[in-house]
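> Pasting the sequence and the predicted model now:
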Amino acid sequence: SGKATVRGPTAVAAANLRMYLLEYLGARFIANEWRRVRGVLDGCLAAGGVDAHADIIGIEDARAGGTASGMSDEAWRAVRGCVDPTMNKPRRDRPGEASRRYIDARRNLRDADRLWKATCEDYRRARRTVKHARHEVHKSRKAVRVEFR
């Protein structure tokens with residue numbers, strides 16, 4: 001999630017929560033429900049003797065601003081992002097990635113346009129063939145009608 005990385009037993013607990021709550025039950029939480037989940041997760045990690053602060057890499061001060069018994073707000077945001085990936089704010093692309101994606105998209109569009117033009121030409125050719133065949137049928141029927149009058 002974001003810049004922080006969750007590892008170790010805390011990551012396993014977050015993965016289990018995600019699989020059970022979100023994937024199996026299909027639960028979607030509001031703010032006070034997330035507070036309850038945070039309390040349950042803090043309690044489970046404390047009961048298991050896990051130091052969640054040691055498992056979260058990339059936060060500035062894991063102990064500052066935390067609740068009395070649990071993890072800091074920044075650490076919780078990292079864990080919550082592991083539990084529910086939709087809670088993560090999208091990262092900004094590196095400058096080269098956006099232009100690389102644009103170039104790939106242009107190449108794909110050019111290939112798709114080429115295929116579209118070929119398909120349109122095949123369609124026109126098929127229409128011409130059918131039109132010519134109908135014309136031939138009409139001529140032969142007209143000849144038969146004239147001949148047997």
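Yep, that arrived. Numbering: from 1, shown residues only.

> Tell me which residues are up against the helix or strand of the chain with the lowest mean pLDDT.
When each helix and strand of the chain is scored by mean pLDDT, DSSP states H and E, helix 52-55 comes last, with a mean of 78. Residues from elsewhere that reach helix 52-55, judged by Cβ atoms under 8 Å, 6 or more residues apart in numbering: 6-11, 42, 45, 62-63, 70-72, 75, 79. Where you see a C-beta, it was placed from the backbone N, CA and C, and this is true even at glycine.

> biggest separation within these, which pair?
Ala11 and Arg63 (19.3 Å; Cβ to Cβ).

> who has more neighbours, those two?
The neighbour comparison of Ala11 against Arg63 (other Cβ atoms under 10 Å) goes to Ala11, with 16 against 10.

> Which phi and psi values does Gly49 adopt?
phi 70, psi 30 (degrees, to the nearest 10).

> What's the local residue count around it?
7.

> If I look at it, what pLDDT would I see?
If you check Gly49, the pLDDT there is 86.

> Quick check: it vs Ser72, distance?
Computed as Cβ to Cβ, to the nearest Å, the Gly49 to Ser72 distance reads 19 Å.

> if we can go back for a sec, CA atoms only: put the least confident helix or strand of the chain into PDB for me.
Only the C-alpha atoms of helix 52-55 are listed here, as PDB (Å, rounded to 0.1, in the frame of the first residue of the first chain):
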ATOM      1  CA  ALA A  52       3.300  -5.000  13.800                       C
ATOM      2  CA  HIS A  53       5.700  -2.000  13.800                       C
ATOM      3  CA  ALA A  54       8.600  -4.200  12.900                       C
ATOM      4  CA  ASP A  55       6.700  -5.800  10.000                       C
END
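
> which other helices and strands contact the next helix or strand after it?
For helix 52-55, the following helix or strand on the C-terminal side (DSSP states H and E) is strand 56-57. Applying 3 or more Cβ pairs under 8 Å, 6 or more residues apart in numbering; DSSP states H and E, one finds that strand 56-57 contacts strand 5-6, helix 73-83.
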